[in-house]
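pasted the sequence and its predicted model underneath.
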Amino acid sequence: MTYADAGLFGRIGGRRLRLIVDTGSLLTWVSKDTLLGIGVAPGGRRRFRTIEGREVSRETGEAVLEVMGERATRIVVFGEAGDAEVLGADALEGLGLEVDPATKVLRKTEVFAAYAVAAR
(Lines give C-alpha, C1' and ligand atoms only; values in the text may rest on other atoms or scores of the structure.)
Protein backbone atom coordinates (compact mmCIF):
# COMPACT_ATOMS: atom_id res chain seq x y z
CA MET A 1 0.00 0.00 0.00
CA THR A 2 0.99 3.58 -0.60
CA TYR A 3 0.47 6.17 2.13
CA ALA A 4 0.45 9.97 2.13
CA ASP A 5 1.21 12.27 5.04
CA ALA A 6 -1.40 14.99 4.61
CA GLY A 7 -2.44 18.23 6.20
CA LEU A 8 -6.19 18.81 6.30
CA PHE A 9 -7.57 22.27 7.07
CA GLY A 10 -11.03 23.64 7.80
CA ARG A 11 -12.50 26.91 9.09
CA ILE A 12 -11.28 26.46 12.69
CA GLY A 13 -8.16 24.36 12.53
CA GLY A 14 -6.13 21.66 10.91
CA ARG A 15 -4.90 18.10 11.45
CA ARG A 16 -2.05 15.95 10.18
CA LEU A 17 -3.20 12.58 8.85
CA ARG A 18 -1.68 9.48 7.28
CA LEU A 19 -3.99 8.47 4.45
CA ILE A 20 -4.02 5.39 2.23
CA VAL A 21 -3.55 6.46 -1.39
CA ASP A 22 -6.44 4.88 -3.30
CA THR A 23 -6.47 5.62 -7.03
CA GLY A 24 -9.69 3.56 -7.27
CA SER A 25 -11.54 6.03 -5.05
CA LEU A 26 -12.51 9.26 -6.77
CA LEU A 27 -12.85 11.34 -3.61
CA THR A 28 -10.88 11.64 -0.37
CA TRP A 29 -12.47 10.05 2.70
CA VAL A 30 -11.77 11.28 6.25
CA SER A 31 -13.62 10.50 9.48
CA LYS A 32 -16.65 12.64 10.17
CA ASP A 33 -15.32 13.48 13.67
CA THR A 34 -12.04 14.81 12.24
CA LEU A 35 -13.78 16.94 9.61
CA LEU A 36 -16.29 18.42 12.06
CA GLY A 37 -13.47 19.01 14.57
CA ILE A 38 -11.59 21.29 12.17
CA GLY A 39 -14.70 23.14 11.01
CA VAL A 40 -15.52 21.43 7.72
CA ALA A 41 -19.28 21.70 7.23
CA PRO A 42 -21.31 19.14 5.30
CA GLY A 43 -22.55 20.68 2.07
CA GLY A 44 -24.33 17.79 0.43
CA ARG A 45 -24.76 14.06 0.25
CA ARG A 46 -23.64 11.62 -2.44
CA ARG A 47 -24.08 7.93 -3.16
CA PHE A 48 -21.08 5.64 -3.56
CA ARG A 49 -20.56 2.04 -4.63
CA THR A 50 -18.13 0.11 -2.42
CA ILE A 51 -15.58 -2.40 -3.66
CA GLU A 52 -18.02 -5.11 -2.50
CA GLY A 53 -20.76 -3.64 -4.70
CA ARG A 54 -22.86 -2.14 -1.90
CA GLU A 55 -24.30 1.36 -2.26
CA VAL A 56 -23.78 3.78 0.62
CA SER A 57 -24.72 7.42 1.15
CA ARG A 58 -22.31 9.87 2.80
CA GLU A 59 -22.16 13.60 3.45
CA THR A 60 -19.55 15.64 1.55
CA GLY A 61 -17.90 19.01 2.10
CA GLU A 62 -14.85 21.04 1.11
CA ALA A 63 -11.49 21.08 2.88
CA VAL A 64 -7.99 22.25 2.07
CA LEU A 65 -5.55 19.35 1.58
CA GLU A 66 -1.78 19.67 1.64
CA VAL A 67 0.53 16.85 0.55
CA MET A 68 4.22 17.08 -0.38
CA GLY A 69 4.09 20.88 -0.27
CA GLU A 70 1.16 21.10 -2.68
CA ARG A 71 -2.11 22.62 -1.45
CA ALA A 72 -5.64 22.67 -2.90
CA THR A 73 -9.28 22.77 -1.87
CA ARG A 74 -10.97 19.44 -2.62
CA ILE A 75 -14.27 17.70 -1.96
CA VAL A 76 -14.03 15.30 0.99
CA VAL A 77 -16.35 12.54 2.16
CA PHE A 78 -17.46 12.39 5.80
CA GLY A 79 -16.41 8.84 6.65
CA GLU A 80 -18.40 6.78 9.12
CA ALA A 81 -17.38 3.91 11.40
CA GLY A 82 -15.66 1.22 9.34
CA ASP A 83 -14.80 3.52 6.42
CA ALA A 84 -11.12 3.75 5.46
CA GLU A 85 -9.42 7.15 5.38
CA VAL A 86 -8.07 7.54 1.85
CA LEU A 87 -6.57 10.12 -0.48
CA GLY A 88 -8.54 9.74 -3.70
CA ALA A 89 -7.79 10.30 -7.37
CA ASP A 90 -9.42 13.75 -7.46
CA ALA A 91 -7.05 15.02 -4.77
CA LEU A 92 -4.04 13.40 -6.42
CA GLU A 93 -4.79 15.10 -9.72
CA GLY A 94 -5.68 18.43 -8.11
CA LEU A 95 -2.45 18.43 -6.10
CA GLY A 96 -0.34 17.38 -9.08
CA LEU A 97 0.65 14.03 -7.57
CA GLU A 98 0.82 10.46 -8.83
CA VAL A 99 1.86 7.01 -7.70
CA ASP A 100 5.02 5.74 -9.39
CA PRO A 101 3.89 2.48 -11.05
CA ALA A 102 7.24 0.76 -10.47
CA THR A 103 7.99 1.73 -6.86
CA LYS A 104 4.44 2.49 -5.61
CA VAL A 105 5.83 5.70 -4.07
CA LEU A 106 3.89 8.96 -4.18
CA ARG A 107 5.63 11.64 -6.26
CA LYS A 108 4.96 15.00 -7.89
CA THR A 109 3.67 14.79 -11.44
CA GLU A 110 6.34 15.85 -13.93
CA VAL A 111 3.97 16.58 -16.82
CA PHE A 112 0.23 17.23 -16.66
CA ALA A 113 -2.17 15.82 -19.23
CA ALA A 114 -3.62 18.49 -21.51
CA TYR A 115 -6.99 17.89 -23.13
CA ALA A 116 -7.09 21.09 -25.12
CA VAL A 117 -4.24 23.06 -26.60
CA ALA A 118 -4.70 26.39 -28.37
CA ALA A 119 -3.98 26.24 -32.11
CA ARG A 120 -1.40 28.63 -33.46
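On my side now, so go ahead. Numbering: from 1, shown residues only.

quick one: the strands in this structure?
Counting by DSSP state E, one finds strands in the chain at the ranges 3-9, 14-22, 28-31, 44-49, 55-67, 70-79, 86-88, 97-99, 106-108.

and the average pLDDT for the longest one is what?
Spelled out, that is strand 55-67. Averaged over strand 55-67, pLDDT sits at 97.

begin at 51 from here
Okay, residue one is now 51; in that scheme the one you just asked about reads as strand 105-117.

next, the buried residues of it.
Buried residues in strand 105-117, counted by 16 or more other CB atoms under 10 Å: Arg108, Glu109, Thr110, Gly111, Ala113, Val114, Leu115, Glu116, Val117. For every residue, glycine as well, the C-beta is placed using N, CA and C.

return the distance of it from the chain's centre.
In terms of CA atoms, centre = their mean, to the nearest Å, the centre of strand 105-117 is set 7 Å apart from its chain centre.

neighbouring strands - and their directions - for it?
Taking DSSP bridges as the criterion, strand 105-117 forms sheet pairs with strand 53-59 (antiparallel), strand 94-99 (antiparallel), strand 120-129 (antiparallel).

name the surrounding residues that touch the longest one.
In other words, strand 120-129. 57-58, 77-82, 85-86, 90, 92, 96, 98, 108-115, 133, 135, 140-141, 144-147, 158 (CB atoms under 8 Å, 6 or more residues apart in numbering).

work out which residue lies at the spatial centre of the chain.
For the chain, Thr78 is the residue whose C-alpha lies nearest the centre (CA atoms, centre = their mean; 2.8 Å).

quick one: it and Glu105, what's the gap?
Going from Thr78 to Glu105 by CB to CB, to the nearest Å gives 19 Å.

list the buried ones in stretch 118-133?
Neighbour-count burial for stretch 118-133 flags Arg124, Ile125, Val126, Val127, Phe128, Gly129, Asp133 (criterion: 16+ other CB under 10 Å).
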